[in-house]
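Peer 1: Pasting the sequence and the predicted coordinates here, then a few questions.
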Amino acid sequence: MDTLKIKGMSCQHCVSSVKKALEDISGISEVTVDLKKAKATFKNNGADAKEIKTAISNIGFEPLD
């Protein structure tokens, strides 16, 4: 499982948006997003790290390394 810290989430709507953005990427599955810990955990089966970060940025959040 991969983990990505995400800056800027403040509510359950944010969590839902991040979850959907990640699930829409080919190769990503089993997505869970933790608002309190400000992170997403997911199974990556070949998705590009840049594509993942771009998807998060495009919905208004900041992916952190």
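Peer 2: Received it, and whenever you're ready, just let me know what you need.

Peer 1: need the strands for this structure, in chain order.
Peer 2: Assigned strands in the chain, in chain order: 2-7, 28-34, 39-44, 62-64 (criterion: DSSP state E).

Peer 1: Neighbours of the residue lying closest to Gly60 once chain neighbours are set aside, how many?
Peer 2: Excluding the flanking residues, the one nearest Gly60 by CB to CB, 6 or more residues apart in numbering is Gly8, at 6.7 Å. (Glycine included, C-beta is placed from N, CA and C.) As a burial measure, Gly8 scores 15 neighbours (other CB atoms under 10 Å).

Peer 1: now swap in the one 10 residues further on and tell me
Peer 2: With neighbours defined by other CB under 10 Å, the count for Val18 comes to 25.

Peer 1: What residues does it make contact with?
Peer 2: Each residue near Val18 by CB atoms under 8 Å, 6 or more residues apart in numbering is listed here: Ile6, Met9, Val33, Ala40, Ile56, Ile59, Phe61.

Peer 1: change it to 7 Å
Peer 2: By CB atoms under 7 Å, 6 or more residues apart in numbering, the contact set of Val18 is Ile6, Met9, Val33, Ala40, Ile56, Phe61.

Peer 1: which residues touch the first one?
Peer 2: It refers to Ile6. The contact partners of Ile6, by CB under 7 Å, 6+ apart, come to Val18, Ala38, Lys39, Ala40, Ile56, Phe61, Glu62, Pro63, Leu64.
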